[in-house]
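Colleague: pasting a predicted model and its sequence here:
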Amino acid sequence: MSARDHHEGAAGASPLIAEELQALEEKFDPELRFRNLGQALTILSGIVLFLLSCYHFYTAGFGIPRSATHRGLHMAVTLSLVFVCFSASGRRDMKPGRLAPLGLPLADWLLAIAAAVTSLYIPWIYDQLAFRVGNPLPLDLAMGSVLIFVLLEAVRRAMGWPLPVIAILFMCYAYFGQSMPGILVHPGASWSNIVNHLYLTSQGIYGTALGVIATYVFHFVLFGVMATRIGLGQLFIDVATALTGRFAGGPAKVSVVSSAMLGSISGSSIANTVTTGALTIPAMIRIGYPRHFAAAVEAASSTGGQITPPVMGAVAFLMIEYLGLPLTTILLAAIVPAFMHFFGVLLQVHLEAKRLGLRGLTREELPNALKVIREGWLTVLPLILLVLMLMSGRTPFLSAFWAIVACIAVLVIQSVQTLGVAEGMRKAAIGVWEGFVLGARQSLSVTAAAALVGIIIGVVTLTGVGFKIAFMVTSLASGWAVAAHAALSILPFDLMGVQTITLLFTLMITAVVCVLMGCGIPTTANYIIMVAVAAPILGLMGVEPLVAHFFVFYYGVLADVTPPVALAAYAASGIAGANAFRAGNTAFRLSMGKALVPFVFVFSPALLIVTPQFTVTDFALAAGGAMLGIFALSAAITNWLRGPLYLIERLLLMIAALLLIAPDLAATIVGIALLGAVITRQVLMPHASEQSV
């Protein structure tokens, strides 16, 4: 969902502003850095993109062909389009040179043809694969080698170097296994074996990641684009403004609520940041928020959109395949943790507004809630239909099909009401064309990344490196735990056992790895890699699969606001005119609720509702403790409750936060006591705290 798409036709949004927002989105999101094409190639690529969307729209409603055919066809068209839409240099404007049919360099034409041929080769020989796997023909090896090279180059163009470099390192590990140190050593694999495993089996390029993108994610990207074109994104912003704008620090609260709403249909934190931030960031600065804080609020809120049901940045559909659970289970599990994130951001926004003495929006600045809903209620019907169908147990792609149909129907109704039947139908047809082209174009990079991640997953299954890394991490955590337990033995009581401390250290190491891996890599790709590498670590510690998957997913999302590569924060700072690194640090601080909650649901799985350990008592203890813990931590970080805090009060609040999220009733009671003591002192002696350090 692009900034241009959102702001077309928006009240008060000039073409210049829309172009500036699109340029900003493209600057920080390489996945949208499409090059300028000549007229003939623009028309040709537009037709192919439209037909790709039509194909997926049809298969969503009327049935998907054999998986190898479906995945191969999707990858063939998508990879070919990558070499048309993305330049080798990353520049949008470039001189094509002499050998450039239709203005496209000859090398790009050759790469596009190679991508199509090598992708379609597997569906073509599919019936013979049972006799070829393990004993590939020279032609098989040649096709596989070319596709691997093509994938590396396609992802480099669409996303930059990080993911291709990781894939190359994994392939080097598979090839040079005998030269690896210590536990990482393995017999090694010849290039023939590597290509055979990655290309001819379902454990590599044609594996689960590509299948999920082709079967589920494409449809929801298309739905998000169509929903935005009918005005659903603007409705979310208007409703959020009407409901929360009048309170202290109103525009910041509008940012949080609207980003949560928009995140339910958007899979991109950067697109969410630019779309809502264009309106909320200037308003936050206008009422007195520092520029870096305004940028941080928008970035932290927008990254939360990726953990918000029903889309969850496409990860929900990957979880279906990996865990074998129905989508309704995944969505129910995601509700409370997502709420905790936005609750934490809202608390810090409110306390910061109180600390700075900021006002809300005036009555003149607020839209009328009833008028907004009365004029825009039609645009929310497709989303309601989508959620109802998903919760009723319909397949995700069939639900997306009918939701897209509903979007098209709403677009027709809106156009006809505004322009009359003839002109309205013409405008609606143009809107469908543009939406289908844009939806397909936005799926290009994620498809290429998913196919390349298949190489990484293939190496993991070929070499068993995932379990080796898991053993290394748990051994390291166990050593630290023994030392920590010995240090804690000076206390008159046993605070935590060795096993609990080991799990805690394991979670901390895993969280750091997920955040580092997420620097510069899209959330979906990061999640797939972490499932193969990091989830087995938690599995060895007895963490059940659903909980482990949510843990690595949440910390992968956190990378978008974690410097030095905090892409969402940098996009927001571009709108705010703020220091990008400072905005990233503040956004990470605002996201501390998201950082705490995964630890809570590992130790108290009842927080995810659908786990076997769920009881009302355990859920109430976990959810209540988490909310109080987030409140205590927010006050400590902001340095404000009813007034400024002493240093000792901030330390007590931090200790209380840790105790409140612990899965222990005694610890929770002590945490409540500490929090109550600080609140009591603030209430009884509010003026004494003005001498805060």
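Modeller: Thanks, I have it.
Colleague: distance check, Met143 against Gln203.
Modeller: 17 Å (Cβ to Cβ, to the nearest Å). C-beta coordinates here come from the backbone N, C-alpha and C atoms, glycine included.
Colleague: these two: which is more packed in?
Modeller: Ranked by neighbour count (other Cβ atoms under 10 Å), Met143 and Gln203 place Met143 first, with 24 against 17.
Colleague: doesn't Tyr121 make contact with the more buried one?
Modeller: Yes. Proximity of Met143 to Tyr121 meets the contact threshold set by Cβ atoms under 8 Å, at 4.7 Å.
Colleague: and the top helix by length along the chain, what does it pack against?
Modeller: Secondary structure of the chain per DSSP state H: the longest helix is helix 327-356. Helix 327-356 makes packing contacts with helix 250-263, helix 291-304, helix 315-323, helix 369-391, helix 545-558, helix 580-590, helix 592-603, helix 616-638 when contacts are defined by 3 or more Cβ pairs under 8 Å, 6 or more residues apart in numbering; DSSP states H and E.
Colleague: off-centre distance for that helix?
Modeller: 16 Å (Cα atoms, centre = their mean, to the nearest Å).
Colleague: and that helix, which residues are buried?
Modeller: Using 16 or more other Cβ atoms under 10 Å as the test for burial, helix 327-356 gives 327, 329-331, 333-334, 336-354.
Colleague: buried sites along stretch 53-66?
Modeller: Those would be 53, 55-57, 59-60, 64, for stretch 53-66 by 16+ other Cβ under 10 Å.
Colleague: quick revisit: just the helices and strands packed on helix 327-356: most buried one?
Modeller: A comparison of the helices and strands packed on helix 327-356 by mean neighbour count, using mean count of other Cβ atoms under 10 Å, puts helix 291-304 on top with a mean of 32.
Colleague: element containing the nearest residue to Glu153 once chain neighbours are set aside, please.
Modeller: Distance criterion Cβ to Cβ, 6 or more residues apart in numbering; nearest residue to Glu153, sequence neighbours excluded, is Leu111 at 6.6 Å. Here Leu111 is covered by helix 106-124, with elements defined by DSSP states H and E.
Colleague: buried sites along that helix?
Modeller: 108-109, 111-112, 114-123.
Colleague: and the residues you listed, which is closest to Val165?
Modeller: The shortest approach to Val165 among the buried residues of helix 106-124 belongs to Leu111, at 19.4 Å (Cβ to Cβ).
Colleague: quick one: contacts for that closest one?
Modeller: 83, 150, 153-154 (Cβ atoms under 8 Å, 6 or more residues apart in numbering).
Colleague: buried subset of these?
Modeller: 83, 150, 153-154.
Colleague: which of these fall in helices?
Modeller: Going by DSSP H, the helices hold 83, 150, 153-154 from the buried ones among the contacts of Leu111.
Colleague: ok so, going back, can I get the buried ones among the contacts of Leu111 in CSV with distance to Ile168?
Modeller: Putting these into CSV (distance: Cβ to Cβ, whole Å) gives the following:
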residue, distance to Ile168
Phe83, 20
Val150, 14
Glu153, 12
Ala154, 14
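Colleague: could those residues go into CSV alongside pLDDT and distance to Phe131?
Modeller: Converted to CSV, the buried ones among the contacts of Leu111 look like this (pLDDT from 0 to 100; distance: Cβ to Cβ, whole Å):
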residue, pLDDT, distance to Phe131
Phe83, 95, 33
Val150, 97, 26
Glu153, 96, 31
Ala154, 96, 30
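Colleague: quick one: the helix or strand hosting Ile413 to helix 369-391, angle?
Modeller: For Ile413, the host element (DSSP H and E) is helix 396-419. Direction vectors for helix 396-419 and helix 369-391, defined by axes from the mean of the first three to the mean of the last three Cα atoms, to 10 degrees, enclose an angle of 150 degrees.
Colleague: touching helix 396-419 from outside, list them.
Modeller: So helix 396-419 is contacted by 57, 59-61, 64, 215-216, 219-220, 222-223, 226-227, 229-231, 317, 320, 327, 378-379, 381-383, 385-386, 389-390, 423-425, 427-428, 431-432, 435 (Cβ under 8 Å, 6+ apart).
Colleague: right, and the helix or strand after it?
Modeller: helix 421-442.
Colleague: what packs against that next one?
Modeller: Using 3+ Cβ pairs under 8 Å, 6+ apart, helix 421-442 is in contact with helix 39-62, helix 67-85, helix 218-229, helix 396-419.
Colleague: the same query, at a cut-off of 6 Å, please.
Modeller: helix 39-62, helix 218-229, helix 396-419 (3 or more Cβ pairs under 6 Å, 6 or more residues apart in numbering; DSSP states H and E).
Colleague: so for the last one, what gets flagged as buried?
Modeller: What that stands for is helix 396-419. Under the neighbour-count criterion of 16+ other Cβ under 10 Å, helix 396-419 has 396-408, 410-412, 414-416 buried.
Colleague: list the contacts of Ala484.
Modeller: Counting by Cβ atoms under 6 Å, 6 or more residues apart in numbering, Ala484 makes contact with Ile501.
Colleague: what strand or helix carries it?
Modeller: helix 465-488.
Colleague: pull out the CA atoms of whatever helix or strand comes next after that helix and give them to me as CSV.
Modeller: Remark: after helix 465-488, the chain's next helix or strand is helix 498-517, criterion DSSP H and E. The C-alpha trace of helix 498-517 is given here as CSV (Å, rounded to 0.1, in the frame of the first residue of the first chain):
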residue,chain,number,x,y,z
VAL,A,498,18.8,-23.1,37.4
GLN,A,499,16.4,-24.3,34.7
THR,A,500,14.4,-21.1,34.8
ILE,A,501,17.5,-19.0,34.6
THR,A,502,18.7,-21.1,31.7
LEU,A,503,15.5,-20.5,29.9
LEU,A,504,15.7,-16.7,30.6
PHE,A,505,19.3,-16.5,29.2
THR,A,506,18.2,-18.6,26.2
LEU,A,507,15.4,-16.2,25.5
MET,A,508,17.7,-13.2,25.8
ILE,A,509,20.2,-14.7,23.3
THR,A,510,17.5,-15.7,20.9
ALA,A,511,15.9,-12.2,21.1
VAL,A,512,19.2,-10.5,20.3
VAL,A,513,19.8,-12.9,17.3
CYS,A,514,16.3,-12.2,16.0
VAL,A,515,16.8,-8.4,16.2
LEU,A,516,20.2,-8.6,14.6
MET,A,517,18.9,-10.8,11.8
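Colleague: closest one to Leu198 among the helices and strands packed on helix 421-442?
Modeller: Closest among these, using Cβ to Cβ: helix 218-229, at 22.8 Å.
Colleague: check the offset of the closest one from the chain's centre.
Modeller: With Cα atoms, centre = their mean, you get 16 Å for helix 218-229.
Colleague: try stretch 559-578
Modeller: 15 Å.
Colleague: so which residues make contact with it?
Modeller: With Cβ under 6 Å, 6+ apart, stretch 559-578 has contacts from 24, 28, 269-270, 273-274, 277, 281, 291-292, 294-295, 298-300, 302-303, 515, 518-520, 580-581, 583-584, 587-588, 591.
Colleague: next: stretch 421-429.
Modeller: Contacts with stretch 421-429, where a contact means Cβ under 6 Å, 6+ apart, come from 411-412, 415-416, 419.
Colleague: which two in those residues are spaced the farthest apart?
Modeller: Farthest pair in the contacts of stretch 421-429, by Cβ to Cβ: Leu411 and Leu419, 12.0 Å.
Colleague: so Gly90: helix, strand or coil?
Modeller: With DSSP: H, G, I helix; E, B strand; the rest coil as the basis, Gly90 sits in coil.
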